[in-house]
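*Asks:* Build me a model:
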Amino acid sequence: MNTAFLSGFLLSFSLILAIGPQNAFVLRQGLLKQHVLPIALFCTLSDIILILLGIFGFGSIISNFDNFSQYMFTIGGVWLLGYGFLRLKGAYLADSFLEASNEQESDIKLVLINCAVLTWFNPHVYIDTLILIGTVSIRFEDPLDFGLGACLASFIFFFSLAYGARLLSPLMSLKKAWQILDLVIASIMFVLAFSMFQEVF
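*Replies:* Just a heads-up that it's a prediction; the model follows:
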């Protein structure tokens, strides 16, 4: 396993680990065992599309502009630091844990529409994939390995969240578990931010 692949995997996994509306939706559907496969597939494919656009679109464009790429490394590092501090705050406040709600079985079309809105109308998705992952990818001579690692992390995460929700539900109801998870995410964010700042200074 090379450095590019591992970096892509860790960055992507850390970014999508944070609980947001999309992940909450996937988790809830998994807990309710409703349309699990379509939801996991939709989220995974959407994430892969955005990751590849970030690496081979945005990332390849900014790699041709040395000064611009330096600015993007700085912005990306600051973003990761801020993200890390938010996770530290989440660990301190213990406000990341989720509880599944009891709902009637819903129509698959409505479920996919809701999932699409939560995925494609979330500005953080574009910051994380197009800008952040795209920027980090230019650090490596072969961004393909980086992209494969990032895409694999997305696949593992969404399918594990969707299908493992029932098994993880007792753990996910514990604030302590989410505090530990937030601390791990924050640590990875800080390490990645440091590595990006090294590209500038």
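*Asks:* The lowest-mean-pLDDT helix or strand in the chain: what's the following helix or strand?
*Replies:* Least confident helix or strand, the chain: helix 59-62 with a mean of 72, by mean pLDDT, DSSP states H and E. The helix or strand immediately downstream of helix 59-62 is helix 66-93, counting by DSSP states H and E.
*Asks:* which strands and helices sit next to that next one?
*Replies:* helix 59-62, helix 134-137, helix 175-198 (3 or more CB pairs under 8 Å, 6 or more residues apart in numbering; DSSP states H and E). Where C-beta positions appear, they are placed from N, C-alpha and C, glycine not excepted.
*Asks:* after that helix, next one along is what?
*Replies:* Following helix 66-93 in sequence, per DSSP H and E, is helix 108-120.
*Asks:* mind listing what's buried in that following helix?
*Replies:* For helix 108-120, the neighbour count (16 or more other CB atoms under 10 Å) marks 111, 114-115, 118-119 as buried.
*Asks:* Ok, stretch 119-126 next?
*Replies:* So for stretch 119-126, counting by 16+ other CB under 10 Å, buried means 119, 125.
*Asks:* Run through the neighbouring helices and strands of the biggest helix by length in the chain.
*Replies:* Criterion DSSP state H: the longest helix present in the chain is helix 143-172. Where contact means 3+ CB pairs under 8 Å, 6+ apart, helix 143-172 is packed against helix 3-17, helix 21-32, helix 36-53, helix 134-137.
*Asks:* On the pLDDT front, check Arg65 for me.
*Replies:* One correction, residue 65 is Phe, not Arg. Phe65 is assigned 67 on the pLDDT scale.
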